[in-house]
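> attaching a predicted model along with its sequence, questions to come.
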2 protein chains.
Amino acid sequence: MADKDALSMHDDALAGRRASAGPHVGSPMGSGAGVTLTDVAREAGVGESTASRVLRSHGSFSSKTRASVLEAAARLGYVPNRIAGTLASTGSKLVGIIVPSLANIVFPDLLRGANSVLGKAGFQSVIGVTDYDLDGEEGLISSLLSWRPTGLLVAGLEHTPRADAMLRGAGIRIVEMLDTDGVGIDMVVGFSNREAGRVSARHLLGRGYRRIGYVGHDLALDLRAAKRFEGFRAVLAEAGLQVAAEAIGAAPSSIEAGRDGLARLLAQCPDLDAVYFSNDDMAIGGYFLCLARGIGIPGQLALFGHNGLDVARCAPQPLSTIRTPRVEVGETSARLVSSDGPPAVITLDFELIEGATT
Amino acid sequence: MADKDALSMHDDALAGRRASAGPHVGSPMGSGAGVTLTDVAREAGVGESTASRVLRSHGSFSSKTRASVLEAAARLGYVPNRIAGTLASTGSKLVGIIVPSLANIVFPDLLRGANSVLGKAGFQSVIGVTDYDLDGEEGLISSLLSWRPTGLLVAGLEHTPRADAMLRGAGIRIVEMLDTDGVGIDMVVGFSNREAGRVSARHLLGRGYRRIGYVGHDLALDLRAAKRFEGFRAVLAEAGLQVAAEAIGAAPSSIEAGRDGLARLLAQCPDLDAVYFSNDDMAIGGYFLCLARGIGIPGQLALFGHNGLDVARCAPQPLSTIRTPRVEVGETSARLVSSDGPPAVITLDFELIEGATT
DNA sequence: CGGTATTTTGGCAGCGCTACCATTTTCCAT
DNA sequence: ATGGAAAATGGTAGCGCTGCCAAAATACCG
């Protein structure tokens, strides 16, 4: 860290990374806030546009000029004003990301994938959290749009009519993530939750389980979990079966909700031989309940989750579940958001993990 | 068919959303993108500044004017351009948040707290992830600063000299989070990790454990974990003891790393009576190992973590740990970032949770 | 009803930067 | 040298909005 130019605009594409001009750091007084391009240009004895070109490594300039501009910028502690830059140019180098929650690791995973790719491409992520509220999402969309982002990544395909209209009319790339069961606005990156539910059901049926229960969280809010459950029941129905009992909590998914949900389910219907959970958090809760009560897994009761979290993979008995490519969805979405191809739907594969709980 | 309810309700919701993709909303052509305040003003038959005042509910205007401006804006699908607004005014309504990682739920928790408070106050969060790299942090700081945020929230007190200089010189509110063991730049919100380590050690000693091991992750990167360990060892030293053995992995913390770390630790030193983990993820990994191997907890081996995660609280034997106020730190930081008081250090309490593993 | 408060309103100058264009300088081949 | 192409450079018009100020409309008072 000893030797980058103070300018350090972070975009590595910029020239000047190796200029190593400044003898020291810290600007003379106050700081770089307030130092404008005009100041730098004057200090370097060049025109404004020349300074701008150098700082952005865009266009041509002599290496002499380059050096003096960089030196002046470093000495003054110049920090470019991207707000002004964005207004003057076109693309904003901002990408909005909207997720329903940050409490479930699934979404931070998504963010992580997206942010890492975006960062490398010189974009900044602006986030919005809807708390699973579509009206809240509508507000966030309008709010994010006002920053004139290059594109918007949104979890889910369902939106209010107004949100839908805003997204369509925004004139920017929209990527809807994590769900391919439906019609997208522009780009869609994800997997089929319905199919995941189907695969889960087939797995349980294939293992011979017949008295199957379901433990889930609020389905009116988590539309993707609802689609999984739908696919799950469809397969059961094809086999002439149905879910023997279900416990659906009103709270968001959590380990505790899974534990309590399974307790209620068993109270209501003690002779189940397998339980499908809305996701791994819930399933781990169920698993903990079984451990606590000495319920044999999978002999007495089989457990199946969804997502493929670390905690599920590392449990004494690895949880049978479906690993979803959350980080990859984020990465792919980020890659697409600045592309200019035609609208597309990208379906990524999920993976059935045959753990030790089925 | 008894279970049809949940789904049908869900189906309706989906159908409704999809069906009513609005007849209007959004301008005749293209869309709201491109519609400027000037357009709205012209359409409403008022001056630009009047339209601006109405749309911001700032200043005075007749209710008649208000109605026509609002109507025009709605009809044209006007979306204000905050970039231009920010450039023209002063405050940016953007707040930068820098965290080392998104893979550990601790930081999403922090983000969640901060973002929820910020959102309510009309701010947008712009995030940066350093991957525990201080040089990366430096780049992110400079990058975020270029968006002229109202303030910056940063996890941790340690920065490169250059980053430190940039933060001091930025002329905006800086809040350093999650650590009060050191000197801050402006505001600090967090708790003492060193003290948390001390409290943890005292707890173990108080329960009579004497042969204590440590399982941690890369301490050169996670400075806060290092401070905890330091406090922990200090108390042991005061009691004339020292850590009997330690296993420190090079990878970031994870359940798997905790499991493997404990395995190595036990291989190397089988007669421990307690283990202190760098955090709950690691501790849960250790717990799982004990379950798998049939190691009695806490009889044979006691486990102690840090953070107070859900998974630790809900385990069959709740983990003994320290609950840290992560969300609160985020909330408090967000509240402070737009304040104008003098610099301050706010120390929040952590809580010792006497679980069943010690 | 005149005259002074008060409320509304519109014009316009930037905010800091980039894009475009015109100009100047440098570089070559002749 | 000498014209012409290429490289460098500087001037300047906005980008869309807000803040300031003066002008216009309305309200109020005796």
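Great, that's in hand.

> spatially, what comes nearest to the most far-flung residue of chain A relative to its centre if we skip its sequence neighbours?
Among residues of chain A, the one most distant from the C-alpha centroid is A:Gly45; the distance is 46.0 Å, by Cα atoms, centre = their mean. The spatial neighbour of A:Gly45 that comes closest, neighbours along the chain excluded (Cβ to Cβ, 6 or more residues apart in numbering or on different chains), is A:Ser68 at 6.8 Å. Every residue, glycine included, has its C-beta placed from N, CA and C.

> burial count for that neighbour?
A:Ser68 is flanked by 20 other residues according to other Cβ atoms under 10 Å in any protein chain shown.

> how about it, secondary structure?
Classification of A:Ser68 by DSSP: H, G, I helix; E, B strand; the rest coil places it in helix.

> so who does it touch?
The neighbourhood of A:Ser68, defined by Cβ atoms under 8 Å, 6 or more residues apart in numbering or on different chains, consists of A:44-46.

> what do you get for A:Lys93?
The contact partners of A:Lys93, by Cβ under 8 Å, 6+ apart, come to A:82, A:86, A:122-124, A:150.

> sitting in strands, which of these do you find?
Using DSSP state E to define strands, the subset of the contacts of A:Lys93 located there is A:Gln124.

> format the contacts of A:Lys93 as JSON lines; extra columns: distance to DNA strand C and pLDDT.
Listed next are the contacts of A:Lys93 as JSON lines, based on distance: Cβ to the nearest atom of the strand, whole Å; pLDDT from 0 to 100:
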{"residue": "A:Arg82", "distance to DNA strand C": "7", "pLDDT": "97"}
{"residue": "A:Thr86", "distance to DNA strand C": "8", "pLDDT": "96"}
{"residue": "A:Gly122", "distance to DNA strand C": "12", "pLDDT": "94"}
{"residue": "A:Phe123", "distance to DNA strand C": "15", "pLDDT": "97"}
{"residue": "A:Gln124", "distance to DNA strand C": "15", "pLDDT": "97"}
{"residue": "A:Thr150", "distance to DNA strand C": "13", "pLDDT": "96"}
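
> the contacts of A:Lys93: which ones sit near chain B?
Checked against chain B using Cβ under 8 Å from any Cβ of the partner chain, these give the following subset in range: A:82, A:86, A:124.

> for stretch A:292-310, measure first residue to last.
Between the opening and closing residues of stretch A:292-310 lies a distance of 21 Å (Cα to Cα, to the nearest Å).

> in it, what's buried?
A:295, A:297-298, A:301-310 (16 or more other Cβ atoms under 10 Å in any protein chain shown).

> out of these, who's nearest B:Asp179?
Within the buried residues of stretch A:292-310, distances to B:Asp179 taken as Cβ to Cβ reach their minimum at A:Asp310, with 25.4 Å.

> contacts only, for A:Phe232.
Neighbours of A:Phe232 in contact, by Cβ under 8 Å, 6+ apart: A:197-198, A:200-201, A:214, A:243, A:276.

> figure out the helix or strand that it lives in.
When elements are assigned from DSSP states H and E, A:Phe232 belongs to helix A:223-238.

> following element in sequence after that helix, please.
strand A:245-248.

> neighbouring strands - and their directions - for that next one?
Here strand A:245-248 is paired, per DSSP bridges, with strand A:212-216 (parallel).

> just the CA trace of the strand it pairs with, in CSV.
Presented in CSV, the C-alpha positions along strand A:212-216 are these (Å, rounded to 0.1, in the frame of the first residue of the first chain):
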residue,chain,number,x,y,z
ILE,A,212,-45.0,-37.1,4.2
GLY,A,213,-45.5,-33.8,6.1
TYR,A,214,-44.5,-30.3,5.3
VAL,A,215,-43.1,-27.6,7.5
GLY,A,216,-43.0,-24.1,6.0
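
> ok, and the closest non-adjacent residue to A:Gly182?
Excluding the flanking residues, the one nearest A:Gly182 by Cβ to Cβ, 6+ apart is A:Leu157, at 4.1 Å.

> which SS class is that neighbour?
Under three-state DSSP, A:Leu157 comes out as coil.

> what is the neighbour count of the closest residue to A:Ile172 other than its chain neighbours?
Using Cβ to Cβ, 6+ apart and skipping residues adjacent in sequence, the residue nearest A:Ile172 is A:Gly151, 5.2 Å away. Look at A:Gly151: counted by other Cβ under 10 Å, it has 25 neighbours.

> returning to what we had before: nearest to DNA strand D among the contacts of A:Phe232?
Proximity of those to DNA strand D, judged by Cβ to the nearest atom of the strand, is greatest for A:Gly197, which lies at 44.8 Å.

> distance of that closest one relative to A:Lys227?
From A:Gly197 across to A:Lys227, the span is 7 Å (Cβ to Cβ, to the nearest Å).

> more neighbours, those two?
Each of A:Gly197 and A:Lys227 has its neighbours counted (other Cβ under 10 Å); A:Gly197 has more, 28 against 25.

> can you give me phi and psi for the more buried one?
In this entry, A:Gly197 is assigned phi and psi values of phi -60, psi -40 (degrees, to the nearest 10).

> residues contacting it?
Under the criterion of Cβ under 8 Å, 6+ apart, the contact list for A:Gly197 reads A:227-235.

> and which of these is nearest A:Ala73?
After measuring the contacts of A:Gly197 against A:Ala73 - Cβ to Cβ - the closest member comes out as A:Lys227, at 52.6 Å.

> how many residues are close by the closest residue to that closest one other than its chain neighbours?
Spatial nearest neighbour of A:Lys227, chain neighbours left out: A:Asn193 (4.1 Å); criterion: Cβ to Cβ, 6+ apart. Neighbour count of A:Asn193, defined by other Cβ under 10 Å: 28.

> is A:Asn193 in contact with A:Asp222, as I believe?
No: judged on Cβ atoms under 8 Å, A:Asn193 makes no contact with A:Asp222 at a distance of 9.9 Å.

> where along chain A do the strands fall?
With DSSP E as the criterion, chain A has strands spanning A:94-99, A:124-129, A:151-155, A:173-177, A:187-190, A:212-216, A:245-248, A:274-277, A:302-304, A:321-323, A:345-347, A:351-353.

> can you tell me which of the ones you listed is packed in deepest?
When neighbours are counted by mean count of other Cβ atoms under 10 Å in any protein chain shown, the highest per-stretch mean among the strands of chain A falls to strand A:274-277, a mean of 29.

> quick one on the thing from earlier: just the closest of the contacts of A:Lys93 to DNA strand D, please.
Ranked by distance to DNA strand D (Cβ to the nearest atom of the strand), the contacts of A:Lys93 are led by A:Thr86 at 8.3 Å.

> what's the burial count for the closest one?
Using other Cβ under 10 Å, A:Thr86 has 23 neighbouring residues.

> can you tell me which residues contact it?
For A:Thr86, the contact set (Cβ under 8 Å, 6+ apart) comprises A:92-94, A:148, B:83.

> ok, now A:Gly34?
Contact analysis of A:Gly34 by Cβ under 8 Å, 6+ apart lists B:Gly171.

> likewise the one 4 residues further on?
For A:Thr38, the contacting residues are A:Glu48, by Cβ under 8 Å, 6+ apart.

> count of residues packed around the residue of the stretch 151-300 of chain A found nearest DNA strand C?
Using Cβ to the nearest atom of the strand, A:Ile172 is the residue of the stretch 151-300 of chain A that sits closest to DNA strand C, at 16.9 Å. Using other Cβ under 10 Å, A:Ile172 is surrounded by 20 other residues.

> check A:Pro270 too.
A:Pro270 has 9 neighbours, counted by other Cβ under 10 Å.

> quick one: A:Ile185 and A:Val175 touch, right?
No: no contact is recorded between A:Ile185 and A:Val175 when judged using Cβ under 8 Å, the distance being 9.1 Å.

> quick one: contacts for the residue lying closest to A:Gly286 once chain neighbours are set aside?
Across the structure, with Cβ to Cβ, 6+ apart as the measure, the residue nearest A:Gly286 apart from its sequence neighbours is A:Leu262 (4.0 Å). Taking Cβ under 8 Å, 6+ apart as the criterion, A:Leu262 is in contact with A:215, A:247, A:275, A:285-286, A:289-290.

> likewise A:Tyr287?
Applying Cβ under 8 Å, 6+ apart, we find A:Tyr287 in contact with A:297, A:303, A:315, A:317, A:319, A:357.
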